[in-house]
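Asks: okay, sequence plus prediction incoming.
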Amino acid sequence: MIMFIKIELNSDTPIYMQIYDEIVKAIASGDLKEGTVLPSARKLAANLGINFHTVNKAYNLLREHRFLLLNRKKEFVVQRSRDEKFMEKLKDQELKLFEEAIAKGFTEKEILNMLQNVLKRQKKSEEL
């Protein structure tokens with residue numbers, strides 16, 4: 001399986017978080033389907049030219065947040081599981097984010113359009 005992960009070595013965002021974000025984005029877009037086995041941390045690290053502990057840290061964080069599971073063969077596998085605790089966290093964070101957006105002058109229509117575009121992209125990827 002070929003996995004395209006874009007990392008920026010000069011970014012203020014730690015590399016393991018960039019990997020985390022890229023994998024979450026790939027799951028959300030449908031590029032990584034449930035049940036997909038990810039390359040080993042060593043293999044992905046070699047492909048990216050980084051330390052394997054960095055990839056391992058990202059994988060473990062993804063596992064902790066229930067985007068990945070570790071199967072009996074010690075492989076990380078994509079999973080899509082509903083998590084009610086996450087939904088509560090999302091509600092808290094989205095409220096703060098929307099309050100900030102409104103305080104910065106964004107309109108309700110602009111915020112709703114952005115959310116609709118995210119949902120349209122997701123729906124489009126599910127249709128493929």
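Replies: All right, it came through fine.
Asks: after the one helix or strand Ala45 maps to comes which helix or strand?
Replies: Using DSSP states H and E, Ala45 falls within helix 41-48. Toward the C-terminus, helix 41-48 is succeeded by helix 52-64 as the next helix or strand (DSSP H and E).
Asks: now tell me what touches that following helix from outside.
Replies: Residues outside helix 52-64 that contact it (C-beta atoms under 8 Å, 6 or more residues apart in numbering): 15-17, 19-20, 23-24, 38, 41-42, 44-46, 48, 68-70, 76. Backbone N, C-alpha and C define where each C-beta goes, glycine included.
Asks: so for it, mean pLDDT?
Replies: Here helix 52-64 scores 96 as its mean pLDDT.
Asks: which residue is nearest the middle of the chain?
Replies: For the chain, the residue nearest the mean C-alpha position is Val24 (1.5 Å; C-alpha atoms, centre = their mean).
Asks: picking that back up, mind checking which of the contacts of helix 52-64 are buried?
Replies: Among these, those buried by neighbour count (16 or more other C-beta atoms under 10 Å) are 15-16, 19-20, 23, 38, 41, 44-45, 48, 68, 76.
Asks: which element is the residue lying farthest from the centre of the chain on?
Replies: Relative to the centre of the chain, and counting by C-alpha atoms, centre = their mean, the farthest-placed residue is Gly105 at 28.1 Å. Assigned by DSSP H and E, Gly105 falls within no helix or strand.
Asks: and for Asn47, the neighbour number?
Replies: Residues lying near Asn47 (other C-beta atoms under 10 Å) number 14.
Asks: need the helices for the chain, in chain order.
Replies: In the chain, the segments counted as helices under DSSP state H are 15-29, 41-48, 52-64, 84-103, 108-127.
Asks: return the set of buried residues in the fourth one.
Replies: I take that to be helix 84-103. The neighbour-count check on helix 84-103 (16+ other C-beta under 10 Å) flags nothing as buried.
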